[in-house]
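Student: Got a sequence here, can you build the structure:
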Amino acid sequence: MKRCLTIITLIFIMSWAGVEAQNGTPPVSGARGTAMGDASVSFTGISSAFANQAGLSFMEGVGFMVSAERRFLVSEINSISAAVAVPVNKAGTFGLTINYFGFSGYNERRIGLAYSRKLMDKLAIGAQFDYLGFNIPEYGTKNLFTFELGMQAQLIEQVYVGAHIFSPVRQEIIEDENVPTVVRFGISYLPSKKVLISAELEKDIEFPMLFKAGIEYYIIDILALRAGVSSDPILNSFGLGLRLKNGLNLDVASSYHYELGFTPSISISYEVKKKEKETTSK
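Tutor: Numbering: from 1, shown residues only. Model (predicted):
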């Protein structure tokens with residue numbers, strides 16, 4: 001009986017919270033994305049692995065990220081993600097993403113194989129082939145394949161734009177329930193080396209458009225403060241980022257839903273930087 005109540009509660013929360021449910025859609029881009037309202041489609045580097053694969057093209061070396069979150073502090077709604085990306089000379093950047101969402105009674109599994117490439121110095125494209133697995137009470141297991149496409153461009157030195165579409169071909173999970181088709185467009189502005197401002201529009205073809213925005217400010221070279229907001233439902237978010245000189249990053253964040261409460265998250269990432277490679281070679 002307790003297990004049935006847990007499943008019913010989980011399904012209710014997912015259907016009511018809307019954007020906090022996954023239903024096959026990509027997870028948030030780690031704690032950095034959570035802290036900035038998930039306005040992440042114009043992110044570059046390893047933190048773009050789940051938001052827009054085109055951003056992987058701007059990596060200077062190998063990178064990885066591991067992140068986890070507990071939605072609304074409910075033990076049954078956990079999301080664990082991992083990503084790794086490897087630039088291969090002029091051939092482009094190859095990536096692998098893995099995500100697990102849910103608990104034993106209901107869960108989603110996702111594996112993505114990504115590729116991104118610069119078409120020119122300031123224009124990049126990316127694509128990912130996804131395997132989606134669903135374990136659904138009373139329906140058993142469902143396995144699907146889909147794909148996603150993205151692009152990014154640097155308009156001027158301080159402005160990046162990004163666009164991304166997830167699952168453009170409709171896939172049915174169960175009767176009357178499809179993998180969402182989601183289109184995102186966003187922009188990032190860097191007024192200085194210490195500040196990043198991002199804003200984004202997201203449209204699931206079956207739901208109203210969402211607006212998301214976030215800001216990141218490095219108060220000192222290694223410590224960033226972040227805040228963000230998203231609409232429908234309204235979520236406020238905040239977090240901290242620690243950027244170490246060896247390329248290791250630690251991020252913590254939480255979003256806040258006015259009815260359901262907090263969703264804390266944590267991420268650890270590492271990305272080889274050009275300066276590090278030059279230092280090593282000396």
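Student: just the strands in the stretch 151-282 of the chain please.
Tutor: 159-166, 171-174, 177-179, 182-192, 195-204, 210-220, 223-230, 235-243, 248-257, 261-271 (DSSP state E, counting those that start in this stretch).
Student: Can you flag the weakest of these by average pLDDT?
Tutor: If you rank the strands of the stretch 151-282 of the chain by mean pLDDT, strand 171-174 sits at the bottom with a mean of 82.
Student: Which among the strands of the stretch 151-282 of the chain is found nearest to Pro87?
Tutor: With CB to CB as the measure, strand 261-271 is the member of the strands of the stretch 151-282 of the chain nearest Pro87 (10.5 Å). Quick note: C-beta positions are derived from backbone N, CA and C, even for glycine.
Student: Okay, now the sheet partners of that closest one, with direction.
Tutor: Paired with strand 261-271 in the same sheet, following DSSP bridges, are strand 63-70 (antiparallel), strand 248-257 (antiparallel).
Student: Mean neighbour count added to these, as TSV?
Tutor: Converted to TSV, those look like this (neighbours: other CB atoms under 10 Å):
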stretch	mean neighbour count
strand 63-70	21
strand 248-257	20
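Student: so Glu177 bridges to which residues?
Tutor: Applying DSSP bridges to Glu177 gives these bridge partners: Ile174.
Student: Next, find the distance separating it from Phe238.
Tutor: Taking CB to CB, to the nearest Å as the measure, Glu177 falls 33 Å from Phe238.
Student: Please enumerate the strands of the stretch 1-150 of the chain.
Tutor: 63-70, 78-87, 93-102, 107-120, 123-136, 140-156.
Student: Could you tell me the average pLDDT over the second one, please?
Tutor: Spelled out, it's strand 78-87. For strand 78-87, mean pLDDT rounds to 95.
Student: How far off centre is it?
Tutor: Offset of strand 78-87 from its chain centre (CA atoms, centre = their mean, to the nearest Å): 10 Å.
Student: buried set for it?
Tutor: Neighbour counts over strand 78-87 (16 or more other CB atoms under 10 Å) mark 79, 81, 83-87 as buried.
Student: cool, stretch 257-277 as well?
Tutor: Within stretch 257-277, the residues that count as buried by 16+ other CB under 10 Å are 257, 260, 263-267, 269-273.
Student: Only alpha carbons, please: show that stretch as PDB.
Tutor: The C-alpha trace of stretch 257-277 is given here as PDB (Å, rounded to 0.1, in the frame of the first residue of the first chain):
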ATOM      1  CA  HIS A 257       8.900  26.000  -6.300                       C
ATOM      2  CA  TYR A 258       6.400  28.000  -4.300                       C
ATOM      3  CA  GLU A 259       4.200  25.000  -3.600                       C
ATOM      4  CA  LEU A 260       6.500  22.000  -3.700                       C
ATOM      5  CA  GLY A 261       9.700  23.400  -2.200                       C
ATOM      6  CA  PHE A 262      13.400  23.000  -2.900                       C
ATOM      7  CA  THR A 263      15.300  21.000  -5.400                       C
ATOM      8  CA  PRO A 264      19.000  20.800  -4.400                       C
ATOM      9  CA  SER A 265      21.700  19.700  -6.800                       C
ATOM     10  CA  ILE A 266      25.400  19.300  -6.900                       C
ATOM     11  CA  SER A 267      27.900  18.800  -9.800                       C
ATOM     12  CA  ILE A 268      31.600  18.100 -10.100                       C
ATOM     13  CA  SER A 269      33.200  18.800 -13.500                       C
ATOM     14  CA  TYR A 270      36.700  18.900 -15.000                       C
ATOM     15  CA  GLU A 271      37.800  20.500 -18.300                       C
ATOM     16  CA  VAL A 272      41.300  20.700 -19.700                       C
ATOM     17  CA  LYS A 273      42.100  24.300 -20.600                       C
ATOM     18  CA  LYS A 274      44.500  25.500 -23.300                       C
ATOM     19  CA  LYS A 275      46.700  27.200 -20.800                       C
ATOM     20  CA  GLU A 276      47.100  24.000 -18.900                       C
ATOM     21  CA  LYS A 277      48.200  22.100 -22.000                       C
END
